[in-house]
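Peer 1: Predicted model and sequence follow; I will ask about them next.
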Amino acid sequence: MKTDDLIAALSVDSHAKVMPLDRAWLLACVAAVVLAALVFFAMLGFRSDIAAATGSGRFLFKFVATIALAGSALIAIRAASRPEGADGKTISLLALAPAMLVVAIVLELLAVPAEQWRTRMIGTNSLLCLTFIPLIGLAPLAISIATLKYGAPRRPVLGGAIAGVFSGGVAATFYAAHCVDDSPLFVAVWYTLAVLTLAALGAIGGKLAARW
């Protein structure tokens, strides 16, 4: 059987499963958010000054960026989980959150004196960020890999990496409510490293668990 014929057959099969793939991803998304919330509130919780922080544009931007990352990754992983795979346009959605972050960084550099740039980038909780975003994202990642396998992805490593980005976006959204470092410079460095950790774990998980 030719590769294209096999992919077509798997595509038909993925649409004929007991549970439609789109519904499976909807349930996976809900489960990922619920489990991430449980871990977040069990281990961290909201920052003490969250009521005052909601008046800060920098604080609110963290959620805009992380939700955009999770949302774009969810769209991409749903497509990547199908045998026909995701096209370039769908994958390019993953650039949305980084592009927003670049704009925020430029605005931050214009608004803050140069001598404060390093301090804002390093922040006060970098180790906490690198620890808890991956921890909060582990359960969402496991759910995403399982759902990825359910759809028979054509490129499981790529699909797993995107699953890690989705899980990282979900985890970072919750962690942002605890994090007292609101500068886009901090987010660009430490949130990105934490999400990339989950992306790497996802790529490994995709290779091991979602190949066919």
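Peer 2: Structure's in. What do you need?

Peer 1: quick one: the helices in this protein?
Peer 2: Taking DSSP state H as the criterion, the chain contains helices spanning 3-15, 21-43, 50-53, 57-80, 88-92, 96-111, 117-122, 126-150, 156-176, 184-186, 192-209.

Peer 1: what mean pLDDT would you report for the fourth one?
Peer 2: On average, the pLDDT along helix 57-80 is 95.

Peer 1: The longest one now?
Peer 2: Per-residue pLDDT values over helix 126-150 give a mean of 95.

Peer 1: Show me which residues of it are buried.
Peer 2: 126, 128-130, 132-150 (16 or more other CB atoms under 10 Å). All C-beta atoms are positioned from the backbone trio N, CA, C, and that covers glycine.

Peer 1: Repeat that for the third one.
Peer 2: Neighbour-count burial for helix 50-53, counted by 16+ other CB under 10 Å, picks out Ala53.

Peer 1: pLDDT averaged over that helix - what is it?
Peer 2: Per-residue scores along helix 50-53 average to 94.

Peer 1: try the second one
Peer 2: Across helix 21-43, pLDDT averages out at 95.

Peer 1: orientation of that helix relative to helix 156-176 in degrees?
Peer 2: 40 degrees (axes from the mean of the first three to the mean of the last three CA atoms, to 10 degrees).

Peer 1: contacts for helix 21-43?
Peer 2: 14-15, 17, 19, 74, 77-78, 81-82, 132, 135-137, 139-140, 143-144, 146-147, 150-151, 166-167, 170-171, 174-175, 177-178 (CB atoms under 8 Å, 6 or more residues apart in numbering).

Peer 1: can you check the shortest one too?
Peer 2: The set of residues external to helix 184-186 that reach it, using CB under 8 Å, 6+ apart, is 58, 61, 101, 104-105, 107-109, 117, 120-123, 126, 129.

Peer 1: Pick the most deeply packed of the helices of the chain.
Peer 2: helix 156-176 (a mean of 28; mean count of other CB atoms under 10 Å).

Peer 1: And that helix, what does it pack against?
Peer 2: helix 21-43, helix 57-80, helix 126-150, helix 192-209 (3 or more CB pairs under 8 Å, 6 or more residues apart in numbering; DSSP states H and E).

Peer 1: and with 10 Å instead?
Peer 2: Contacts defined by 3 or more CB pairs under 10 Å, 6 or more residues apart in numbering; DSSP states H and E place helix 156-176 against helix 21-43, helix 57-80, helix 88-92, helix 96-111, helix 126-150, helix 192-209.

Peer 1: Give me the angle between the first one and helix 126-150.
Peer 2: When you say that, I think you mean helix 21-43. Inter-element angle recorded for helix 21-43 and helix 126-150: 150 degrees (by the same axes, to 10 degrees).

Peer 1: gap between stretch 113-131 and the chain center?
Peer 2: The chain centroid and the centroid of stretch 113-131 are separated by 21 Å, computed with CA atoms, centre = their mean, to the nearest Å.

Peer 1: Many thanks, have a good one.
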